[in-house]
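> Okay, predicted coordinates and the sequence, questions at the end:
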Amino acid sequence: MSVPQLRLGTRRALWAYTFLFVPLLFYIAIRLGPAFSSLYISLHEWNLISPSKPFVGLQNFRLLARDPRFVQAAVNTVRYVLVGIPVQMALGLAVALLLQRINRFRGLFRALYFMPFVTPIVAAAWVWQWMYSESFGPLNEILATVGLPLQPFLRNPGQALYAVAAMIIWQYLGFQIVIFLAGLEAIPRVYYEAAEVDGASGWRLFRHITVPLLNPTLVFSVVYGTIVFLQLFTQVLNMTFGDQGGPLAGTLTVVLYVYQLGFQRFMMGEAAAATAVLFVAILGITLLQIRVLSKPVEY
Amino acid sequence: MRYVFAAATVAALVLTLAGIGAGLQQVTITYWQYFFASKVKLVDDLVKQFEAQNSGIQVVHENFPYDAYNQKVASAVSAGQGPDVINLFYGWVPLYVDSGYLQALPAEAFSPMEIERDFVPMVKNSRFDGKYWALPTAVRSLALFYNADLLRAADIGRPPITWDEFLTAAQRTTVRDAAGRLTTEGFGVSPAGQDHQLIREVLFRQWGVAPYSADGRRVTYATAQGAEAFKWYTDLISQHKVGVIDFFPGGNGYRDAFMAGRAGMIVDGSFAVGSIRAGTKAGWGVTELPRRTLGGEPSNFGSYWVHGLTVHAQGARRDAAIKFLKFLTSEQVQRLWLQQVGELPASRKLVNDPQLAADAIYGPFIRGLAYARATFFVDESAQRQVLVDAVNEVVVNNKSPRQALDEAAAKEQKILDEFWKKHPAK
Amino acid sequence: MISGRRVKLRRRDPKAGLAYLTLAAGTVLVAFPFYWMVASALKPFNEMFDLRLIPTHPTLLNFAEVLTRTRFPRWFGNSLIVATITTVSVAFFDSLVGYVLAKLQFPGRGFIFVMILATLMIPTEMLVIPWYIMSSAYGWINSYWGIMFPGLMSAFGVFLIRQFMSGVPDELLDAGRIDGVTEFGLYWRIALPQIRPALAALCIFTFLGNWNAFLWPLIVIQGADMRTLPVGIALFSGEAGSSWNLIMASSALAVLPVLAVFVVLQRQIIEGVTLTGLRS
């Protein structure tokens, strides 16, 4: 390795650090610092409003392990991810591909499919609850017309989670579509043209050009979607407002439980411990996903 | 230490007086409450009035969304911030006292004897260690709201007095469609709304069970009679099917259903009168909560929001805050509160005003106050959740009411134990 | 060559009709709650629960009440300030960091990426108390700065941009270097235009995220003048019930700027293509 190259590399590294300086300060002060403080809190009996906050070691973690509501929330959260991510990505990619295919009304269709993501959650949750209503909802109306048994949807702990998940998938569809459209549009046209000249079409184009070249977008979508689904909160809260996370904790998520512990019952120590558990889980899953899914893009 | 404190207070006082004398010193205090349009407007007016009467004191009135009020307050407290005078739900007060956030009301300005003479009995709930920690302007109780048009159409002559009559009325006003779906509820059930209070302080007691021990440390409702009372409630949903949970969406769906004319009756608090008056299409009325038998024991759940003095109010600000608190809980303000917000006054004298008791709408609530009890909550949201879950265990999971109630009692006992473990002294 | 594929597809895509049909059928599902929100906003309160799809007595009174009897215009303005500034800040810093992490070689690159990504994994609910303590120490409470400082950069954007930057050919940058472009110029003039679709998407999401932010603004805002839209709209539901008519009307109004941002920027998502196609 020659000396000028080395110096070039060092110079570029210096530039990199210069560019990163302010952002890193921000992330450390505004995000990581508070995150570490929450780790510290998790080792204390930390009543939000009480001045005395004794150190209790791992007691909060032990309490959580024995807390059936926390266990239920953790299991529910995994269910949301397993159901939500595949369905949401498949639908998002399918619609994005369809939107790419059409020539007229593209702007209109794109705007319509983005609607779910901009509809304020309070309003959307209200409408979805009507749709699931046993007495007034169109879903049960259809079942009744066909002569099938009525379904309780949100009123049944076994069904409620999937009913809420459907609403969340609906909401994030707009998000996935925009990401996939951006990803599809970033694929240089020449590759399709070259392949078409070679006689490829349809499924083979998709399989051998779209999927590999879309890999960075797919990785982003899976990883970010998982992070979002592991932190579900607002949608669940609004869909089950009277009995948050109910019925019988059937829709409860870890973050909703963190919120209840910390802000409604002031048990910040346990809330922080639950957050720490969640953090470790998300970090592990994310790193695994990135490692397994990421393929270097080769043109 | 105490001397230093006293000296500092005196010094601050002297300075304040000197300042006022010189026309220079302005004391600014802050008051927090949750947002409710008519309350916010009234308090804005009251502040102006108070400032005019007390030159040198300025009151900053800030308010926050109701659903997020407790969070907002707790976050501020944890950062050592917050107002001088604060509005809190009575059920939260133990936690805030315990945290050292509230100061006891000074006996010179608020003598416990006078408070107990002047205020309705349930206000005693705000007394710990022989001291009062906060006082209300208004109080509330529960009553039965009924849709007069629906009852008349069902050929029911008068609103129910006993729970048996109530059930009949509910059954006759319940409407189903061909597929068996409820289209009108006889009773707008809502365990997470007011019904958990109904079970706790009304049904249990009328079935002869005290829900908690006198010192508030033990759960005592898990008895055969308690289970019978509880079963009576869950039967409304699972046996008689006169109502379903979440009939209408949202946290106040039962009330929305009533206003839309799709619930024959609901149990609700006096604070709901304003909304129901504004939003209900049909003819409606209010009656006292039913009893188990004609002439049987009446029972009611009472509650209130209190104004407390926080630790931030020190020195001249403390004096100003005490004045403001005195003003907020005065009979004069209570009267305005009733007229403009529609909430029942906390003063015995005003509440016993015969004219008020004769009011068709407020009368039943006023009469209810006489026998209302306020549950001593140590962890209000968790205790509510326990009963809401118990109801769901029966109506969704088909558990026996007895078993569901036993499990609920065990869970609630654990919550109480956790609190009392940390407060052996109280 | 630029729009070659699209033109060709138009000429010989027999399945386009099917695509239209599928998309049109789907719109009913995706847009229905939005439609219901608008329809409900046009109903007087006592018709809110009749569940008719078309209001029997449509009225603009809900909008009038929201606009004149509440401080909606003020909330709207506050949200606009906060969402605009955070979006500009995120677009710049996140794209710079995403570029550096994807395209420059330096020791600690992987570690810094994982560290920034890790900040995505802590729910806001856990951060608001430390932020509040910080704000109270520096006097940021009840100020615009206080509302927006946590949103000035986001790991989401860094991740998104890094993924898209990784698709930008190194040869482009090397060619720039040979032409004597500065390191900042490589990012700003060469790399950034390549990922316009992603940048546009990032702007849309950042604007929307800050426009809808509730928990932190709720906690840091003290006075009525500083309320943002979501905090203001939360006033419509309270102890004595929710004014669904006003919630729906204010929600419908709140959507307008977000839709405007979307309509303007989504064109960028599409037009970004042609450049990418040409350059390589």
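It's in.

> Residue A:93 and residue B:301: what is the separation?
Spatial separation of residue A:93 from residue B:301 under the definition C-beta to C-beta, to the nearest Å is 54 Å. Bear in mind the C-beta positions are built from the backbone N, C-alpha and C, glycine included.

> What of residue C:86?
Residue C:86 is 46 Å from residue B:301, by C-beta to C-beta.

> Check residue A:153 too.
31 Å.

> Quick check: which element contains the spatially most central residue of chain A?
Compute the mean C-alpha point of chain A, and by C-alpha atoms, centre = their mean the closest residue is residue A:228, 2.1 Å away. For residue A:228, the host element (DSSP states H and E) is helix A:215-230.

> other SSEs contacting that helix?
Where contact means 3 or more C-beta pairs under 8 Å, 6 or more residues apart in numbering or on different chains; DSSP states H and E, helix A:215-230 is packed against helix A:68-101, helix A:157-185, helix A:268-293, helix C:155-165.

> Using a markdown table, please lay out those helices together with mean pLDDT and mean neighbour count.
Formatted as a markdown table, the helices and strands packed on helix A:215-230 follow (pLDDT from 0 to 100; neighbours: other C-beta atoms under 10 Å in any protein chain shown):
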| stretch | mean pLDDT | mean neighbour count |
| --- | --- | --- |
| helix A:68-101 | 95 | 18 |
| helix A:157-185 | 93 | 23 |
| helix A:268-293 | 93 | 19 |
| helix C:155-165 | 94 | 25 |
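
> Does the residue nearest to the centre of chain A touch residue A:169 like I think?
No - counting by C-beta atoms under 8 Å, residue A:228 stays clear of residue A:169, with 11.4 Å between them.

> neighbours around residue B:297, how many?
A count of nearby residues for residue B:297, using other C-beta atoms under 10 Å in any protein chain shown, gives 12.

> mind checking how far it is from chain C?
Using C-beta to the nearest C-beta, to the nearest Å, residue B:297 is found at 29 Å from chain C.

> One more: residue A:69?
16 Å.

> rewinding a little: out of the helices and strands packed on helix A:215-230, flag the one nearest chain B.
helix A:157-185 (6.5 Å; C-beta to the nearest C-beta).

> ok, residue B:325 - contacts?
Neighbour list for residue B:325: B:85, B:105, B:110, B:135, B:307, B:309 [criterion: C-beta atoms under 8 Å, 6 or more residues apart in numbering or on different chains].

> which one of these sits closest to chain A?
Among the contacts of residue B:325, residue B:309 lies closest to chain A (C-beta to the nearest C-beta), at 15.6 Å.

> The helix or strand hosting the closest one pairs with which strands?
For residue B:309, the enclosing helix or strand under DSSP H and E is strand B:303-310. Using DSSP bridges, the strands paired with strand B:303-310 are strand B:85-89 (antiparallel), strand B:102-103 (antiparallel), strand B:134-140 (antiparallel).

> and among those strands, the most buried is which?
strand B:134-140 (a mean of 26; mean count of other C-beta atoms under 10 Å in any protein chain shown).

> and that strand, average pLDDT?
Averaged across strand B:134-140, pLDDT comes to 96.

> circling back to that earlier point, look at residue A:153 and residue B:301 and report which has more neighbours.
The neighbour count for residue A:153 versus residue B:301, taken as other C-beta under 10 Å, is higher for residue B:301 (25 against 22).

> can I assume the more buried one is in contact with residue B:197?
Yes - the pair residue B:301 and residue B:197 passes the contact test of C-beta under 8 Å, sitting 4.1 Å apart.

> Overlap of the contact sets of these two?
Between them, residue B:301 and residue B:197 share these contacting residues under C-beta under 8 Å, 6+ apart: B:142, B:375.

> Name the helix or strand for the spatially most central residue of chain C, please.
Centroid-nearest residue in chain C, with C-alpha atoms, centre = their mean: residue C:205, separated by 2.4 Å. Residue C:205 is part of helix C:196-212, with elements assigned from DSSP H and E.

> Residue A:27: neighbouring residues, count only.
Other residues close to residue A:27 by other C-beta under 10 Å number 22.

> Show the contacting residues for it.
Contacts for residue A:27 were tallied using C-beta under 8 Å, 6+ apart; they are C:115-116, C:119, C:153, C:155.

> Domain map for chain B?
Chain B is divided into the following domains under automatic domain parsing: B:18-140+B:303-373, B:142-301+B:378-422.

> burial count for the residue lying closest to residue B:312 once chain neighbours are set aside?
Nearest residue to residue B:312, sequence neighbours excluded (C-beta to C-beta, 6 or more residues apart in numbering or on different chains): residue B:84, at 5.4 Å. For residue B:84, the count of nearby residues is 26 (other C-beta under 10 Å).

> With residue B:328 as the reference, measure out to residue B:84.
From residue B:84 across to residue B:328, the span is 12 Å (C-beta to C-beta).

> do residue A:236 as well
Counting by C-beta to C-beta, the gap from residue A:236 to residue B:328 is 38 Å.

> And those two? Which one has more around it.
residue A:236 (27 against 22).

> after the helix or strand that one falls within, next one along is what?
Take DSSP H and E as the rule and residue A:236 turns out to sit in helix A:234-239. As assigned by DSSP H and E, the chain's next helix or strand after helix A:234-239 is helix A:254-259.

> Give me the residues contacting that following helix.
A:69-70, A:73-74, A:77, A:230-233, A:236-237, A:244-245, A:271, A:274-275, A:277-278, C:123, C:125-126.

> how far does it sit from the chain's center?
The chain centroid and the centroid of helix A:254-259 are separated by 15 Å under C-alpha atoms, centre = their mean, to the nearest Å.

> Same question for stretch C:153-164.
Centroid separation for stretch C:153-164 versus its chain: 13 Å, with C-alpha atoms, centre = their mean.

> Can that stretch be said to contact chain A?
Yes - using C-beta under 8 Å from any C-beta of the partner chain as the criterion, contacts between stretch C:153-164 and chain A involve C:153, C:155-156, C:158-160, C:163-164.

> mind putting these in TSV, distance to chain B included?
Shown next, in TSV, are those (distance: C-beta to the nearest C-beta, whole Å):
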residue	distance to chain B
C:153	23
C:155	24
C:156	24
C:158	28
C:159	29
C:160	30
C:163	35
C:164	37
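
> For these, give me JSON lines that also has distance to residue A:24.
Listed next are the residues of stretch C:153-164 next to chain A as JSON lines, based on distance: C-beta to C-beta, whole Å:
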{"residue": "C:153", "distance to residue A:24": "10"}
{"residue": "C:155", "distance to residue A:24": "12"}
{"residue": "C:156", "distance to residue A:24": "17"}
{"residue": "C:158", "distance to residue A:24": "11"}
{"residue": "C:159", "distance to residue A:24": "15"}
{"residue": "C:160", "distance to residue A:24": "18"}
{"residue": "C:163", "distance to residue A:24": "20"}
{"residue": "C:164", "distance to residue A:24": "21"}
